[in-house]
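Peer 1: Everything below, folded, please.
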Amino acid sequence: MDAFIELKNVVKSYTMGDVTIYANNGVNFKVNKGEFTVIVGASGAGKTTILNMLGGMDTPTSGTIVVDGHNIATYDDKQLTDYRRDDIGFVFQFYNLVQNLTALENVELPLKLANVDYKKRKELALLSLKKVNLENYIYKKPNELSGGERQRVAIARAIVNNPKIITLDEPTGALDSKTSIEIMELIKEISKDKLVIMVTHNKELSKKYASRIIELKDGKIIKDTNNYNSNEKEEILLNKKTKMKFMDALKLSLSNIKTKKGRTILTSLASSIGIIGIALVLSLSNGFNKQ
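Peer 2: Model prediction:
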C-alpha cells in the first residue's frame, strides 16, 4: 500500500551571512493511514519544523513532501490555504483558543472559514465537543475551563471539519501528569480514524501510546520504529556511516572557495611566499655547502 505521507530528502535551512543553519537535513520517512506517529527529540532537533511543513505553514528548502499523492512543497499560497483549511487539523501546546468566544464558538471557527451554514456548523461543532466529552461545557469560555478542558476544546476544533491529518505540537506540554494521560488516551482514540502526527519531549508517554516513534537529533532521524503488533516493537537504528561522494565534496569545496575569495587569495599568497622562502633557503644552503 502506498504511503499517505512521504517525506523525501527534506531539507530546511536558514542562511545568516556566511553561515547556513539546518533545521532539517535530509529527512526521509513514510506514514500510512491509521498510524499514530510521534516525533521526539531535544529542543532544536527540528521536530516542530517538520510539523509546520507537513501542516503547510512552512515550505522546505529542498526535497518533497507528498500527501495523498500531491507534492505540497510545490503548492502556491492559495493551494496551501485550502490544504490547511480542508486537510489538516492543528492542536497546539497552549491551545490557541479565542478568549472571548465560548467553547462552541471556538470549535465552529474552521467551519466558518469553510463557509458552512449556521445550522450545519452548530450541529458539527456539538458533535465534535461530544466526542471529547465536553457537551456540558459548550457555553463556557476558555478562562472558565481547566487546562485539560481547554486542550479538549482545541482537539474538538481540530477534528470538526473531518480533516485527513491531525498534527499536534506538544499537546501535553502545559498539562499535569494525570491530565496528560487523559489527553493521550483521547488522541489515541482519534488515531483509529485519522492519521495523527505529534511532536513531544515526553518519550515515556510516546512509548505507551504511539504506534510509531521517530527520534530526531540535529535535524536528522537517528531512530525509527516499525509499527508494532501487540506488545512488540522492532527498532531500526539509523547509525549508518555518512559518506559524501567525491564530486559532491569537490563541488562543496569549490563553492566554499568562491564565497571566501579574499581569504583564499591571502592564504594562497602566504603559502606561495612560504614555499619560495623555503626553496631560497635550501638553494643558499646548497650553494654554501658546494663553495
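Peer 1: State the distance from H201 to S43.
Peer 2: H201 sits 8 Å away from S43 when distances are taken as C-beta to C-beta, to the nearest Å. All C-beta spots, glycine's among them, are computed from the backbone N, C-alpha and C.
Peer 1: more neighbours, those two?
Peer 2: Under the neighbour definition other C-beta atoms under 10 Å, H201 and S43 were set side by side, and H201 has more, 15 against 7.
Peer 1: for the stretch 51-200 of the chain, what spans make up the helices?
Peer 2: For the stretch 51-200 of the chain, applying DSSP state H, counting those that start in this stretch gives helices covering 77-87, 103-113, 118-131, 147-159, 177-190.
Peer 1: For my notes, please list those in TSV and give mean neighbour count, distance to L205 and mean pLDDT for each entry.
Peer 2: Below are the helices of the stretch 51-200 of the chain laid out as TSV (neighbours: other C-beta atoms under 10 Å; distance: least, C-beta to C-beta, whole Å; pLDDT from 0 to 100):
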stretch	mean neighbour count	distance to L205	mean pLDDT
helix 77-87	14	26	91
helix 103-113	21	25	93
helix 118-131	17	21	94
helix 147-159	24	14	94
helix 177-190	17	5	91
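Peer 1: Quick one: those helices as JSON lines, columns for distance to G34 too.
Peer 2: Shown next, in JSON lines, are the helices of the stretch 51-200 of the chain (distance: least, C-beta to C-beta, whole Å):
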{"stretch": "helix 77-87", "distance to G34": "16"}
{"stretch": "helix 103-113", "distance to G34": "23"}
{"stretch": "helix 118-131", "distance to G34": "18"}
{"stretch": "helix 147-159", "distance to G34": "15"}
{"stretch": "helix 177-190", "distance to G34": "11"}
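Peer 1: Contact partners for the residue nearest to the spatial centre of the chain?
Peer 2: Geometric centre of the chain, nearest residue: I50, 1.7 Å, by C-alpha atoms, centre = their mean. Contact analysis of I50 by C-beta atoms under 8 Å, 6 or more residues apart in numbering lists L7, V10, N24, V27, I39, V199, L216.
Peer 1: quick one: strands adjacent to the host helix or strand of the fifth one?
Peer 2: Counting by DSSP states H and E, the element that carries I39 is strand 36-40. Here strand 36-40 is paired, per DSSP bridges, with strand 195-200 (parallel), strand 212-217 (parallel).
Peer 1: deepest of those strands, which one?
Peer 2: Stretch with highest mean neighbour count among these: strand 195-200 (a mean of 25; mean count of other C-beta atoms under 10 Å).
Peer 1: what is the mean pLDDT for it?
Peer 2: Mean pLDDT, computed over strand 195-200, is 93.
Peer 1: With just CA atoms, put that strand into CSV.
Peer 2: The C-alpha coordinates for strand 195-200 follow below in CSV (Å, rounded to 0.1, in the frame of the first residue of the first chain):
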residue,chain,number,x,y,z
LEU,A,195,-3.6,9.9,10.6
VAL,A,196,-2.1,11.5,13.7
ILE,A,197,1.4,13.1,13.9
MET,A,198,2.5,14.6,17.2
VAL,A,199,5.8,16.1,18.4
THR,A,200,6.8,16.0,22.0
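Peer 1: heading toward the C-terminus, what's the first helix or strand past that strand?
Peer 2: Strand 195-200 is succeeded, C-terminally, by helix 203-209 (DSSP H and E).
Peer 1: residues in contact with E35?
Peer 2: So E35 contacts S191, L195, V196, S211, R212, N227 (C-beta under 8 Å, 6+ apart).
Peer 1: now N28
Peer 2: Per C-beta under 8 Å, 6+ apart, neighbours of N28: L7, K8, N9, V10, I221.
Peer 1: List the beta-bridge partners for the last one.
Peer 2: Beta bridges link I221 to L216 when assigned by DSSP bridges.
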